[in-house]
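In: quick one, structure for this:
(one chain, ligands or ions: 1)
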Amino acid sequence: MKNVLVIGSTGQIGSELTMKLRKMYPEGNVVAGYIKGAEPKGILLESGPSALADVCDGEQLLGIVKEYHIDTIYNLAALLSAVAEKKPQLAWHIQIDGLMNILEIARQEGCAVFTPSSIGSFGPETPHENTPQDTIQRPRSMYGCTKVATELLSDYYFHKYGVDTRSVRFPGLISNVTLPGGGTTDYAVEIYYAAVKGEEFACPIAAGTFMDMMYMPDALKAAVDIMNADPSRLKHRNSFNIASMSFDPEILAAKIKEHIPGFRMRYEVDPVRQAIADSWPDKMDDSCAREEWDWAPSFDLESMTVDMITALRKKLL
Ligand code: SER
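Out: Next comes the predicted model:
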């Protein structure tokens, strides 16, 4: 039986992952960790326990782990790539000092830890096409620096102390529940909101810029499946490439137009996001995840687009 703490439970991934885990485990077993100013509301608040869980406060985290007998921590606290460029020291503090707090508690208390990595852990020298699982990782963004350090520290705690750390490199994540904040791939979410509202979309990423993307239900499945995988099959741990679709803004806009013919898009390229996007893979090779823990996505661009438009029409119109 798992007792789970989700740190960052009100964020883009956390808000949906917490609810998925609460459907899987007995009532009361999944604690929604949050920070001041991002308190859980509605169903997230009502469906189970919640606790102030600031990654930068190790004592607070230890108190929660002890009180709720936590054995699994999903650490989703992070500043996304464009915000991290504006606040690099804060990004390091949350993503690395915070991670060290979590890993130390995990070592003492015997918890498994999932801390996601990202396509942002790669850089301009990384092969962009079919990016291998094991390859050069020299990112130029602070977000990327924290993600490479996250992978290394997570593997370090596994090899040195036996802490059960596992993770995946998430592509840009697309969902209709909680908006991302300040990422490079956010355009692929915002474009659907604009299209459903009948607004013209100003795209901050240039035509021809391909990036891996994934629909949130597949991302949540990956986060759950990797933590439930048979450890004897895992040759890798931190972190696995996972992929489901790769497109540029032109392909995405054309797909949306098939469903919303009046949709219009213009380009207003943001140089900060564009430079980051140019340094990231076009398409990752996820064969290790497929071999080692049977990773397989369910959604492609067409099925995601249908689902996004249907959900956003209900939410927005
Ligand atoms: N979606 C993230 C970002 O754009 C990358 O993992 O910052």
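In: ok, which stretches of the stretch 201-317 of the chain are strands?
Out: 201-203, 211-215, 240-241, 245-247, 265-267, 283-284 (DSSP state E, counting those that start in this stretch).
In: the ones you listed: which one's closest to V83?
Out: strand 211-215 (17.6 Å; Cβ to Cβ). All C-beta atoms are positioned from the backbone trio N, CA, C, and that covers glycine.
In: quick one: name the residues of the chain near the ligand.
Out: Residues of the chain found near the ligand (Cβ under 6 Å from any ligand atom) are 80-81, 118-120, 143, 170, 172, 183-185.
In: switch the residues you listed over to a markdown table; also include secondary structure and pLDDT.
Out: Shown next, in a markdown table, are the residues of the chain next to the ligand (DSSP: H, G, I helix; E, B strand; the rest coil; pLDDT from 0 to 100):
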| residue | secondary structure | pLDDT |
| --- | --- | --- |
| L80 | coil | 94 |
| S81 | helix | 94 |
| S118 | strand | 98 |
| I119 | helix | 98 |
| G120 | helix | 97 |
| Y143 | helix | 97 |
| F170 | strand | 98 |
| G172 | strand | 97 |
| G183 | coil | 93 |
| T184 | coil | 95 |
| T185 | coil | 96 |
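In: to what extent is S232 buried, counted in neighbours?
Out: 5 (other Cβ atoms under 10 Å).
In: and the gap between it and H128?
Out: S232 sits 33 Å away from H128, going by Cβ to Cβ, to the nearest Å.
In: ditto for L220
Out: From L220 to H128 the distance is 27 Å (Cβ to Cβ).
In: same check, this time on R233
Out: Distance from R233 to H128, by Cβ to Cβ: 29 Å.
In: of those two, who's got more company?
Out: More neighbours surround H128 than the other of R233 and H128, with 17 against 10 (other Cβ under 10 Å).
In: show me the helices in the stretch 151-300 of the chain, by range?
Out: For the stretch 151-300 of the chain, applying DSSP state H, counting those that start in this stretch gives helices covering 187-197, 216-228, 249-259, 271-279, 287-293.
In: which one, of these, ends up nearest to C111?
Out: helix 216-228 (11.2 Å).
In: show me what that closest one is packed up against.
Out: helix 14-24, strand 112-114, strand 168-170, strand 172-174, helix 287-293 (3 or more Cβ pairs under 8 Å, 6 or more residues apart in numbering; DSSP states H and E).
In: and after the first one, which helix or strand comes next?
Out: So that's helix 14-24. strand 30-34 (DSSP states H and E).
In: contacts for the helix or strand containing I102 next, please.
Out: Using DSSP H and E, the secondary-structure element containing I102 is helix 98-109. Residues outside helix 98-109 that contact it (Cβ atoms under 8 Å, 6 or more residues apart in numbering) are 7, 55-58, 61-62, 65-66, 70, 73, 75, 77, 111-113, 115, 149-150, 153-154, 157, 161, 163, 165.
In: mean confidence for it?
Out: Mean per-residue pLDDT for helix 98-109: 98.
In: returning to what we had before: using CSV, lay out the residues of the chain next to the ligand together with neighbour count.
Out: Compiled in CSV, the residues of the chain next to the ligand are given as follows (neighbours: other Cβ atoms under 10 Å):
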residue, neighbour count
L80, 20
S81, 29
S118, 30
I119, 31
G120, 29
Y143, 26
F170, 24
G172, 26
G183, 25
T184, 31
T185, 27
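In: and of those residues, the nearest to G28?
Out: F170 (28.2 Å).
In: give the bridge partners for that closest one, please.
Out: Taking DSSP bridges, one obtains S118 as the residues bridged to F170.
In: tell me who's in contact with it.
Out: 13, 116-119, 214, 219, 222, 242.
In: the same query, at a cut-off of 7 Å, please.
Out: Shown in contact with F170 (Cβ atoms under 7 Å, 6 or more residues apart in numbering): 116, 118, 214, 219.
In: also M214?
Out: Counting by Cβ under 7 Å, 6+ apart, M214 touches 170-171, 173-174, 244-245, 297.
In: quick one: which of these has the most company?
Out: Busiest of those [other Cβ under 10 Å] is P171, holding 29 neighbours.
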